[in-house]
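Peer 1: below are the sequence and a predicted model; questions follow.
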Amino acid sequence: MRSLLTLSVLLALIREDKGEKPAVSLLPRFPDVFVGDDITLICKRGNGTIKWFINGKPKSHQDSPMLLTAVTSKDNGEYQCERGGSKSDPYILTVEELEPHAQLSPSIGGAVMTKGDGRNLVLQVDDDPNGWKCFVWRGESGFTLGTSADKMKNRAVIIAELNEAKRATFWCKNGRQRSNAVTLKMTELKVMLDPPAVPALLGESVALRCAVWGGKADRAVFYKDNKQIATTTEDTYIITNATQDHAGQYSCHATYRYSHISAEAVQQEGDSDAQELKVIGGPPAPTVDSTSPKSLECFCRDCPSSCTSYCWYQTFLNDSFARQRLPENTQIITVEEGGLFSCRMECGKGFSRFSNIYSYKGTPKHTHTRY
């Protein structure tokens, strides 16, 4: 009797699953999607081959999650999946061409780690970091991470580990406020092409490092889309003014010796995995300049009309992560001491990029004793 009851329940579940309409779901489950995010769309429920549609047009991306890297407003639209002859309701993707509230970045290194390695990620916020929670998404599974908060410096640190995953996305939030997302990828090779952990921005410089596990390259050859572009005795290839032409697949070949272990160490060679570099426009960026001997102005020509409030910051030379938000919220501020100053604009759901860092020449009074 019990076996018959179990069989009837299983048959009911099978019939229900076949009859369920598929649905598109976003991973990670961001409250808002910002420019530069890596996201995955999955087709839940139903059976059979998956077909994807964007704005009603079929796409070649079939039978797997749809990974979208470094998204921009060009990715906005209606996403649908079809499975077992049934099509989902449209999922509306809207990418905010703004930066989120907080900044998450590696303390050292870029986007690639060797298998079994770990890396510290630093979360920088404008206020108390204790209300922030951090997460990691590996594949289709999400986990909460422990954080080590430093209230005096408005930051927290998390340990990023891949745990056998090929890639993982790390991010933090406080209510609907969130940080940018950092995607780290794993390599099993001794040589790795290590791009920055955030997308390259138009007009800015980008450093691509040919890293060697446990050592340093004596000579590196860099490739873009399988074509050699540079040979150097340094381990880094620098793009000084990034354009869309710089987007592509990059790799490197390194010649190295572990001379720090043995002076007679044998010379070795190795190739890296290929890594994608995407170049995006990103949010608008204001500029800071001096309008009088003690006045600084924050000006943003390209900011949208939703950017109505000004946020000012002072950065400290002895700690690049120690950035303090100042109480002023006006376009022009008066400064009494020398230091490094920057600004950004608050624009509703997010912010503009940070401005240039302006070095104001004054007499430091060392009033910020908490640092």
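Peer 2: Thanks, I have it.

Peer 1: now do the contacts for the residue nearest to the spatial centre of the chain.
Peer 2: In the chain, the centroid-proximal residue (Cα atoms, centre = their mean) is residue 182; its distance is 3.3 Å. By Cβ atoms under 8 Å, 6 or more residues apart in numbering, residue 182 lies in contact with 104, 105, 106, 111, 121, 160, 169, 170, 171, 197, 198. Using the backbone N, CA and C atoms, a C-beta is placed for each residue, glycine as well.

Peer 1: repeat that for residue 186.
Peer 2: 112, 113, 114, 115, 162, 165, 166, 167.

Peer 1: can you list the domains in the chain?
Peer 2: 19-96, 99-188, 189-282, 287-360 (automatic domain parsing).

Peer 1: make TSV from the ones you listed and add mean pLDDT to it.
Peer 2: Shown next, in TSV, are the domains of the chain (pLDDT from 0 to 100):
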stretch	mean pLDDT
domain 19-96	91
domain 99-188	91
domain 189-282	92
domain 287-360	90
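
Peer 1: can you list the buried residues in the one helix or strand residue 210 maps to?
Peer 2: Assigning secondary structure by DSSP states H and E places residue 210 in strand 206-212. Residues of strand 206-212 classed as buried by neighbour count (16 or more other Cβ atoms under 10 Å): 206, 208, 209, 210, 211, 212.

Peer 1: could those be laid out in TSV, adding distance to residue 47?
Peer 2: Listed next are those as TSV, based on distance: Cβ to Cβ, whole Å:
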residue	distance to residue 47
206	44
208	43
209	45
210	46
211	44
212	47
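
Peer 1: list the residues that contact residue 148.
Peer 2: 156, 157, 158 are the contacts of residue 148 under Cβ under 8 Å, 6+ apart.

Peer 1: again, only using 7 Å
Peer 2: By Cβ atoms under 7 Å, 6 or more residues apart in numbering, the contact list for residue 148 reads 156, 157.

Peer 1: now do it against residue 122, distance only.
Peer 2: Noted for residue 148: a distance of 10 Å to residue 122, by Cβ to Cβ, to the nearest Å.

Peer 1: what residues are shared contacts of the two?
Peer 2: residue 157.

Peer 1: residues contacting residue 34?
Peer 2: Listed by Cβ under 7 Å, 6+ apart, the contact partners of residue 34 are 95, 96, 98, 99, 100, 180, 350.

Peer 1: number of residues surrounding residue 310?
Peer 2: 21 (other Cβ atoms under 10 Å).

Peer 1: please, which helix or strand holds it?
Peer 2: Here residue 310 is assigned to strand 309-316, by DSSP H and E.

Peer 1: what residues does that strand touch?
Peer 2: If you take Cβ under 7 Å, 6+ apart as the criterion, strand 309-316 is touched by 298, 322-326, 328-331, 333, 339-346, 357, 371.

Peer 1: how about it: buried residues?
Peer 2: Residues 310, 311, 312, 313, 314, 315 are the ones in strand 309-316 that count as buried (16+ other Cβ under 10 Å).

Peer 1: parallel or antiparallel, which strands does that strand pair with?
Peer 2: In the sheet, strand 309-316 lines up against strand 319-325 (antiparallel), strand 339-347 (antiparallel) (DSSP bridges).

Peer 1: if we can go back for a sec, what's the PyMOL line that selects buried ones from the contacts of strand 309-316?
Peer 2: In PyMOL, this line selects whichever of the contacts of strand 309-316 come out buried by 16+ other Cβ under 10 Å:
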select buried, resi 298+322+323+324+328+331+333+339+341+342+343+344+345+346
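
Peer 1: contacts only, for residue 180.
Peer 2: 34, 36, 99, 100, 103, 104, 198.

Peer 1: for residue 285, state which of these is nearest.
Peer 2: residue 99 (9.7 Å; Cβ to Cβ).

Peer 1: quick check: the closest one touching residue 283?
Peer 2: Yes: between residue 99 and residue 283 there is a contact under Cβ atoms under 7 Å: 5.2 Å.

Peer 1: quickly list what's touching both of these two.
Peer 2: Common neighbours of residue 99 and residue 283 (Cβ under 7 Å, 6+ apart) are 352, 353.

Peer 1: so between those two, which is more surrounded?
Peer 2: Taking neighbours as other Cβ under 10 Å, residue 99 and residue 283 compare with residue 283 leading, 26 against 23.

Peer 1: shouldn't the more buried one be in contact with residue 352?
Peer 2: Yes: the pair residue 283 / residue 352 is scored as a contact, 5.4 Å apart, by Cβ under 7 Å.

Peer 1: mind picking the two most distant members of the buried residues of strand 206-212?
Peer 2: Among these, 206 and 212 lie farthest apart (Cβ to Cβ), at 20.2 Å.

Peer 1: what is the burial count for residue 167?
Peer 2: Counted with other Cβ under 10 Å, residues neighbouring residue 167 total 17.

Peer 1: sorry, wrong one. I was asking about residue 267.
Peer 2: Neighbour count for residue 267, taken as other Cβ under 10 Å: 11.

Peer 1: all helices of this protein, in order?
Peer 2: For the chain, the helices defined by DSSP state H occupy 2-19.

Peer 1: off-centre distance for the strand holding residue 310?
Peer 2: 22 Å (Cα atoms, centre = their mean, to the nearest Å).

Peer 1: residues contacting residue 179?
Peer 2: Residue 179 neighbours (Cβ under 7 Å, 6+ apart): 100, 102, 103, 104, 123, 171, 172.

Peer 1: where's the residue nearest to the centre of the chain relative to residue 204, distance?
Peer 2: Distance, residue 182 to residue 204, by Cβ to Cβ: 18 Å.

Peer 1: check residue 282 too.
Peer 2: Residue 282 is 9 Å from residue 204, where distance means Cβ to Cβ.

Peer 1: more neighbours, these two?
Peer 2: Counted by other Cβ under 10 Å, residue 282 and residue 204 do not tie: residue 282 has more neighbours, with 22 against 14.
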